[in-house]
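Enquirer: One predicted model, sequence on top.
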Amino acid sequence: MKYQLTKEVTLARREIVRVQVDRFHLYYYDFFHRNETIEMAKFFFETVYNLDGKEEWESLAFTTYDKVKNMMKEGTRESVERLIELNSLTDELDIRMAELLLSKGWKLGKEMSQDEYFSLFCELDSREIRKKQLEVVLFNLKKFYELAHKPVSAYIIKPAAMMSRFLGVYPLFKKVEQGYYATLPVNQDLFNEFYAMVNEKEWAFLYKAFPSLKEEI
């Protein structure tokens, strides 16, 4: 779904994203401070949520991607499509949270606490969409790591970047390229540790907000 954002909703969404990224820094502090994993943590918990350049990225995703997807390698195409899916889910949730925040009288310059964010998160609910969002996040973690560590990727990443520039869709491919280089230095054991922690902490966060989700399993 494509949203028409007012200035107020745009600013409130930036605050939602800010406090969410802060939570990631709190939860995964160690990975943001290990030399081998800094770039990976930044990619998955900052770059993927970055609002800078988001409008251009969304425009390409909605208007151009279908025309060029058949020119991409399967692994690249799947990575782009999963990012588009995650972007769509996250946009919907963040914008609805921003609207809820504004309805409570939020003004620019007022920073939310983590407790306030969690209360808003619970009040908005959207538990089934949240569940889907987390499943896509976890899928993306594995797929980006697998893509970066396929021997053939070292030979196709630069030509793919050149082709995407030629086709005028480099901003779409750029995040895939960033994910490739961010996860490339991380060995399997360290990635497994990272993935296990994200899997544990993010499901725990979701179950704390919506205990009924745990009961469905």
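Expert: Done, it's in.

Enquirer: Can you list phi and psi of Glu46 for me?
Expert: Summarising the backbone geometry of Glu46 under the convention degrees, to the nearest 10, its torsions are phi -130, psi -60.

Enquirer: Also Trp106?
Expert: Per degrees, to the nearest 10, the residue geometry at Trp106, taken as phi and psi, is phi -60, psi 140.

Enquirer: ok, now the one 4 residues further on?
Expert: The phi and psi torsions at Lys110 (degrees, to the nearest 10) take the values phi -90, psi 120.

Enquirer: which ones are touching it?
Expert: Listed by C-beta atoms under 8 Å, 6 or more residues apart in numbering, the contact set of Lys110 reads Glu15. C-beta: built from backbone N, CA, C; applies to glycine.

Enquirer: Try it again at 6 Å.
Expert: Lys110 makes contact with no residue under the criterion C-beta atoms under 6 Å, 6 or more residues apart in numbering.

Enquirer: Poorly predicted segments of the protein, please.
Expert: 1-4, 50-80, 151-161, 163-169, 171-173, 216-217 (pLDDT under 70).

Enquirer: could you pull out the strands for it?
Expert: Secondary structure of the chain (DSSP state E): no strands present.

Enquirer: Longest helix in it, by number of residues?
Expert: Of all the segments assigned as helix in the chain under DSSP state H, the longest by residue count is helix 74-103.

Enquirer: Look up how far Val19 lies from Asp115.
Expert: Separation of Asp115 from Val19 (C-beta to C-beta, to the nearest Å) stands at 10 Å.

Enquirer: Those two: which is more packed in?
Expert: For Asp115 versus Val19, neighbours defined as other C-beta atoms under 10 Å are more numerous around Val19 (20 against 8).

Enquirer: which residues touch stretch 193-213?
Expert: Identification of contacts with stretch 193-213 by C-beta under 6 Å, 6+ apart yields Tyr27, Phe31, Phe121, Cys122, Arg127, Arg130, Leu134, Leu141, Lys214.

Enquirer: So which of those residues is the closest to Phe43?
Expert: Nearest to Phe43 among these: Leu141, at 10.1 Å, using C-beta to C-beta.
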